[in-house]
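Novice: Pasting the sequence and the predicted model now:
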There are 2 protein chains.
Amino acid sequence: MHSVENYKVVFEQYLGQGHFTREPNGLYEPVNYILRMGGKRLRPLLALMGYHVFADDFRQALPVAMAVELFHNFSLIHDDIMDEAPLRRGIPTVHSHFGLNAGILSGDVMLIYAQQYLLDAADAPLNVRLLKSFNRCAIQVCEGQQWDVDFERMDTVTIPQYLRMIEYKTAVLLGCSLEMGAMTAGASDSDLHHLYEFGRKLGIAFQLQDDLLDTFGDAGKFGKKTGGDIVQNKKTFLILKALELADSVAKANLLRLISTPTTDEQAKIQEVTTLLRQFKAPDLAKEERNHYHHQAIRHLDQVAVPDVRKLPLYELAEFLLNRDL
Amino acid sequence: MHSVENYKVVFEQYLGQGHFTREPNGLYEPVNYILRMGGKRLRPLLALMGYHVFADDFRQALPVAMAVELFHNFSLIHDDIMDEAPLRRGIPTVHSHFGLNAGILSGDVMLIYAQQYLLDAADAPLNVRLLKSFNRCAIQVCEGQQWDVDFERMDTVTIPQYLRMIEYKTAVLLGCSLEMGAMTAGASDSDLHHLYEFGRKLGIAFQLQDDLLDTFGDAGKFGKKTGGDIVQNKKTFLILKALELADSVAKANLLRLISTPTTDEQAKIQEVTTLLRQFKAPDLAKEERNHYHHQAIRHLDQVAVPDVRKLPLYELAEFLLNRDL
């Protein structure tokens, strides 16, 4: 079995083999720019690992891995425009480096190429199954992004609404990456189901962990400033849980805090985190995260292959959910 | 055989059957908004007519027709953002009505649904063939749009560069719509080739006609103000041809005119059209348009079915290229 790092090396090599060398340069330079930005490559790794659970030659899943990485980066480019984000991983975002038009159009062409890589990943009817799984997921990602945009303007967001938003925006693509990798290796419908659910539940747990890290993480180890979500008035699981449990005075106080622009960031972070702790929001978020994590593991348990083949996925789940708090 | 109007009625009925009724409303309302804006529905008509050349029950091609209409409207939404266009067909564009974010995201989801309609349009391996044709075309449309953006900033654009731009941005989707309709009806490779080429050449002729109409059309009949391209300093075929043939003094004069913002629109239109006429640009544009028109017809001639089945397409070609000048 391969360590996570090995899959990443194989994917990076494949990615380096000149995929977007066509003209016009103005269209393809931004594509290469964001693909070279790096990152965890989590989705392509899941595609390769999903394949490798069922068959040895996991390089067969490289086009599927490429498709999910292209789709993920398409969504990053367009989301960064919508969020007016100047930087990603410390580097100027596509639209701030190349302009709005290049951001829109290069994102569009990446979405089309994602489909094209899936079409070429296998013969019919397998590629049709890949595309059906992918399209369902891609539509959900758009819907999740729209809910995220909607939530900014809504006064009340329920916990189920929030969980569905992160499921659609983040989690389904993790499930779909695993599923499409496994599909390419010829996995059974039952195994595909459990692997997809493993990825989806893991994705929800992963996003809840991200919420926790953003507010309560160790800034040094996490690599990001803590409190970013609070400064941006984001309605995370933590905030929504505290609003649900707070008495009317504390609730009014919290609502006021998350609806006013920040003048003193540190004071605001301090005040909000105190309220979150008062209503045990971090503990309840950990509980919810653990719930989804355990459900994810139960699905992986039910994938009908020897444990040794699933070992890298068990390890990856541990790794993703044991980042420092 | 059906008149063009009949195909349109059938398509409009299909379109009215509640395709985008899902949540979230913020994502799907802009989709329904632009689909209800109307228009010629040229691309879906071509898909239905392409089918009808080879088989009777042209309603079978409705999902293909829907796919090309969705793709076309996706590209309109994103192009309108790039062009900062406030109006389309006299109605506020999607981004000016719903905001930039809605424009980007609703366009994205329409692109995904275009693929989904093609997947559902036929069983494998036919739907795979549809998607391969579609993806090649969709990538070219993005490339054509990028060239169009690039041309604004370039000092010199050659006639072949311009023709390739309009071919990619506009013409290939007409060819592809016909081809995919015909593919669904089981046409032979040779017939598919000739039908695609008919649409592609017709599209180039159609765009050259549009250039002519914009500058020399009868404003009343055309429904648009003439001279819009001149005011916007667009490098159309007319301008490029005049630049190619002008003596150095006239060339410098024309270059100055198309690189300065307009203070007196009417005076500028007058000055530019005089120069265009001086170097016979309108006659040469008509010649080029006729060249592509005749090539298109020659390809349609070679589609191996009785003429009566091709009659609506001959009529459509006449109709498109005999709009008033």
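Specialist: That came through, no problem. Quick caveat: nothing in here was measured; it's all calculated off a predicted structure. Numbering: from 1, shown residues only, chains lettered A, B, ... in the order given.
Novice: Up against chain B, what does chain A have?
Specialist: A:22-24, A:26-27, A:78, A:81-82, A:100-101, A:104-105, A:107-109, A:111-113, A:115-116, A:119, A:124-125, A:127-128, A:131-132, A:135, A:138-139, A:142-143, A:145-147, A:149-150 (C-beta under 8 Å from any C-beta of the partner chain). Quick note: C-beta positions are derived from backbone N, CA and C, even for glycine.
Novice: From those, keep the buried residues only.
Specialist: By neighbour count, with 16 or more other C-beta atoms under 10 Å in any protein chain shown, the residues of chain A next to chain B hold A:24, A:26-27, A:78, A:81-82, A:100-101, A:104-105, A:107-109, A:111-113, A:115-116, A:119, A:127-128, A:131, A:135, A:138-139, A:142-143, A:145-147, A:149-150 as buried.
Novice: Could you list which of the residues you listed belong to helices?
Specialist: Counted as lying in helices by DSSP state H, out of these, are A:26-27, A:78, A:81-82, A:100-101, A:104-105, A:107-109, A:111-113, A:115-116, A:119, A:127-128, A:131, A:135, A:138-139, A:142-143, A:145-147, A:149-150.
Novice: For A:S106, which non-adjacent residue is spatially closest?
Specialist: Distances taken as C-beta to C-beta, 6 or more residues apart in numbering or on different chains put A:P30 closest to A:S106, at 3.9 Å, once the chain neighbours are dropped.
Novice: wouldn't that neighbour be in contact with A:N101 here?
Specialist: No. Counting by C-beta atoms under 8 Å, A:P30 does not reach A:N101; the two are 10.1 Å apart.
Novice: What are the boundaries of the strands in the stretch 151-300 of chain A?
Specialist: Here the stretch 151-300 of chain A has no strands by DSSP state E, counting those that start in this stretch.
Novice: just for it, where's the confidence low?
Specialist: A:219-224 (pLDDT under 70).
Novice: Helices along that one, start to end?
Specialist: Along the stretch 151-300 of chain A, counting by DSSP state H, counting those that start in this stretch, helices occupy A:159-166, A:172-184, A:189-216, A:219-222, A:228-231, A:237-245, A:248-257, A:265-278, A:281-301.
Novice: Can you tell me which of the ones you listed is most buried?
Specialist: Each of the helices of the stretch 151-300 of chain A was assessed for mean neighbour count using mean count of other C-beta atoms under 10 Å in any protein chain shown. The highest is helix A:172-184, with a mean of 29.
Novice: That one vs helix A:159-166, what angle?
Specialist: Using axes from the mean of the first three to the mean of the last three C-alpha atoms, to 10 degrees, the inter-axis angle of helix A:172-184 relative to helix A:159-166 is 50 degrees.
Novice: Next one: the most far-flung residue of chain A relative to its centre from chain B, what distance?
Specialist: Farthest-out residue of chain A from its mean C-alpha position, per C-alpha atoms, centre = their mean: A:V249, at 35.4 Å. Applying C-beta to the nearest C-beta, to the nearest Å, the value for A:V249 to chain B is 33 Å.
Novice: likewise A:D214?
Specialist: 22 Å.
Novice: Give me the spatial nearest neighbour of that residue, chain neighbours excluded.
Specialist: Excluding its sequence neighbours, the residue lying closest to A:D214 (C-beta to C-beta, 6+ apart) is A:D229, at 4.6 Å.
Novice: tell me the contacts of the one you found?
Specialist: By C-beta atoms under 8 Å, 6 or more residues apart in numbering or on different chains, the contact set of A:D229 is A:D211, A:D214, A:T215, A:T236.
Novice: swap in A:G186?
Specialist: A:G186 makes contact with A:F54, A:A55, according to C-beta under 8 Å, 6+ apart.
Novice: Got the phi and psi for it?
Specialist: Note on A:G186: backbone dihedrals following degrees, to the nearest 10 are phi 90, psi 30.
Novice: before we move on, what about A:P92?
Specialist: phi -50, psi 140.
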